[in-house]
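Asker: Here's my sequence, what's the structure:
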Amino acid sequence: MQHQYTDVLCRELELRRNYLKEAEDAGKSPEISTIYLGGGTPSQLSPDNLNKIFDAIYNKVFTVDRVPVSPTAEVTIECNPDDITPQFVNTVAQLPINRVSMGVQTFSDQRLKFLQRRHTSQDVGKATDLLRKADIRNISIDLMFGFPQQSIEEWKSDLQSAIELGVEHISAYSLMYEENTPLYNLLQRNKIQEVDEETALSMYDTLIDMLTANGFEHYEISNFARLGFHSRHNSNYWQAVSYLGIGASAHSYNGYTRQWNVADINRYIQSIEQGILPAEIEKLDDDTRYNDLITTKLRTKEGINLSALHPTYQSFLLRYAQPHLLRNNLQLINNHLSLTRKGIFISDSIMTDLIKVDNS
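Answerer: Numbering: from 1, shown residues only. Purely as a prediction, here's the structure:
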């Protein structure tokens with residue numbers, strides 16, 4: 001299946017080779033600035049399949065007569081720590097990959113077992129050392145907080161371990177209980193309990209305080225980076241830069257439409273092998289673009305540049321932002337509207353208040 005799926009990914013690249021060219025012709029990005037292999041476990045791909053994907057990207061599809069890949073592109077691969085072996089880093093060293101994102105989640109072996117993760121806390125340090133030897137100077141890790149019965153001190157210990165690891169980027173998220181997952185089922189059967197809201201907020205406060213005190217910039221609600229190490233790929237999403245997604249469930253955006261492939265892998269493979277793109281398409285109107293701006297740019301430290309908005313939307317936004325400005329949930333600095341630290345805690349409800357619905 002791995003070889004077949006890789007071949008199909010390369011085939012979809014061929015079928016959609018003009019997608020970004022069309023965006024460029026419409027005045028969008030003149031070159032590919034980021035590449036991201038994620039949405040699963042690309043670190044388990046064989047060296048041959050990884051090479052095949054990068055050969056398709058660099059040598060067969062996005063060539064100079066279309067949209068070239070920038071020589072300074074940020075090229076990221078998602079990895080499980082236990083997948084990072086000497087063989088894997090040897091493969092990485094021969095590819096354009098210059099950034100690795102590891103799903104660490106926690107440095108507690110007990111909680112890793114709770115999450116049913118294969119790796120241990122020791123694997124994280126070993127993986128980091130191997131990546132440094134492969135000259136990877138941009139490492140990001142994902143962390144989770146809000147485990148059942150987790151204390152503030154235990155969360156501080158996780159953060160201290162992350163800081164001592166010396167990585168350049170940290171993303172941190174509250175543990176989520178998604179329907180039809182083992183965790184959700186445990187919750188429904190009262191086998192575990194969610195942490196209370198006060199503890200979760202205190203953990204988020206601790207996250208901000210510890211990381212900013214140790215040289216990380218809090219540049220997006222869930223993301224922290226050392227100077228010069230923002231995730232350029234994710235930042236492109238928040239800046240509404242065009243992007244092309246390849247694979248089952250992959251999303252694409254060109255400023256005028258949003259597209260997403262079917263989630264079912266077998267349907268995806270069968271469709272691509274028949275030369276048919278298995279994507280649904282949504283045309284974007286002005287209200288949708290405005291709403292997208294609220295749910296992306298407002299997540300960032302710089303917020304929304306009011307000068308870039310049409311006067312109608314600028315007026316609408318300021319009208320509904322006013323109560324939050326008065327409550328110090330939002331701030332207006334140099335014509336940029338952004339969340340305050342207080343506002344970050346209720347960002348979802350603020351965004352709901354600011355989006356435009358029919359007849360608004």
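Asker: can you map out the strands along this structure?
Answerer: In chain order, the chain shows strands spanning 32-37, 69-79, 99-105, 139-145, 169-174, 217-220, 223-225, 251-253, 257-261, 279-283, 304-305, 330-333, 336-339, with DSSP state E as the criterion.
Asker: Reformat these as a markdown table; add mean neighbour count and mean pLDDT.
Answerer: In this view, the C-beta of every residue, glycine as well, is placed from N, C-alpha and C. Putting the strands of the chain into a markdown table (neighbours: other C-beta atoms under 10 Å; pLDDT from 0 to 100) gives the following:
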| stretch | mean neighbour count | mean pLDDT |
| --- | --- | --- |
| strand 32-37 | 20 | 95 |
| strand 69-79 | 18 | 95 |
| strand 99-105 | 24 | 97 |
| strand 139-145 | 21 | 97 |
| strand 169-174 | 19 | 96 |
| strand 217-220 | 18 | 98 |
| strand 223-225 | 24 | 98 |
| strand 251-253 | 18 | 94 |
| strand 257-261 | 17 | 94 |
| strand 279-283 | 11 | 94 |
| strand 304-305 | 19 | 96 |
| strand 330-333 | 16 | 97 |
| strand 336-339 | 20 | 98 |
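Asker: Might one say that residue 166 is in contact with residue 128?
Answerer: Yes - at 7.4 Å, residue 166 counts as touching residue 128 under the criterion of C-beta atoms under 8 Å.
Asker: Which of these two has more residues huddled nearby?
Answerer: Neighbour count, other C-beta atoms under 10 Å: between residue 166 and residue 128, residue 128 has more, with 21 against 10.
Asker: coming back round to it: compare the strands of the chain and report which one is nearest to residue 353.
Answerer: Minimum separation from residue 353 across the strands of the chain (C-beta to C-beta) falls at strand 330-333, 10.0 Å.
Asker: Which elements pack onto that closest one?
Answerer: Secondary-structure packing of strand 330-333 (3 or more C-beta pairs under 8 Å, 6 or more residues apart in numbering; DSSP states H and E): helix 311-326, strand 336-339.
Asker: Averaged over its residues, which helix or strand of the chain has the lowest pLDDT?
Answerer: The weakest-scoring helix or strand in the chain, judged by mean pLDDT, DSSP states H and E, is helix 19-25 (a mean of 71).
Asker: quick one on the thing from earlier: same list, the strands of the chain, but as JSON lines with distance to residue 181 please.
Answerer: As requested, these are arranged in JSON lines below (distance: least, C-beta to C-beta, whole Å):
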{"stretch": "strand 32-37", "distance to residue 181": "24"}
{"stretch": "strand 69-79", "distance to residue 181": "19"}
{"stretch": "strand 99-105", "distance to residue 181": "15"}
{"stretch": "strand 139-145", "distance to residue 181": "14"}
{"stretch": "strand 169-174", "distance to residue 181": "15"}
{"stretch": "strand 217-220", "distance to residue 181": "26"}
{"stretch": "strand 223-225", "distance to residue 181": "24"}
{"stretch": "strand 251-253", "distance to residue 181": "22"}
{"stretch": "strand 257-261", "distance to residue 181": "22"}
{"stretch": "strand 279-283", "distance to residue 181": "25"}
{"stretch": "strand 304-305", "distance to residue 181": "34"}
{"stretch": "strand 330-333", "distance to residue 181": "34"}
{"stretch": "strand 336-339", "distance to residue 181": "30"}
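Asker: Helices of the stretch 151-300 of the chain, residue ranges please.
Answerer: Taking DSSP state H, counting those that start in this stretch as the criterion, the stretch 151-300 of the chain contains helices spanning 152-165, 182-188, 197-213, 232-238, 265-273, 286-297.
Asker: Fine, thanks again, bye for now.
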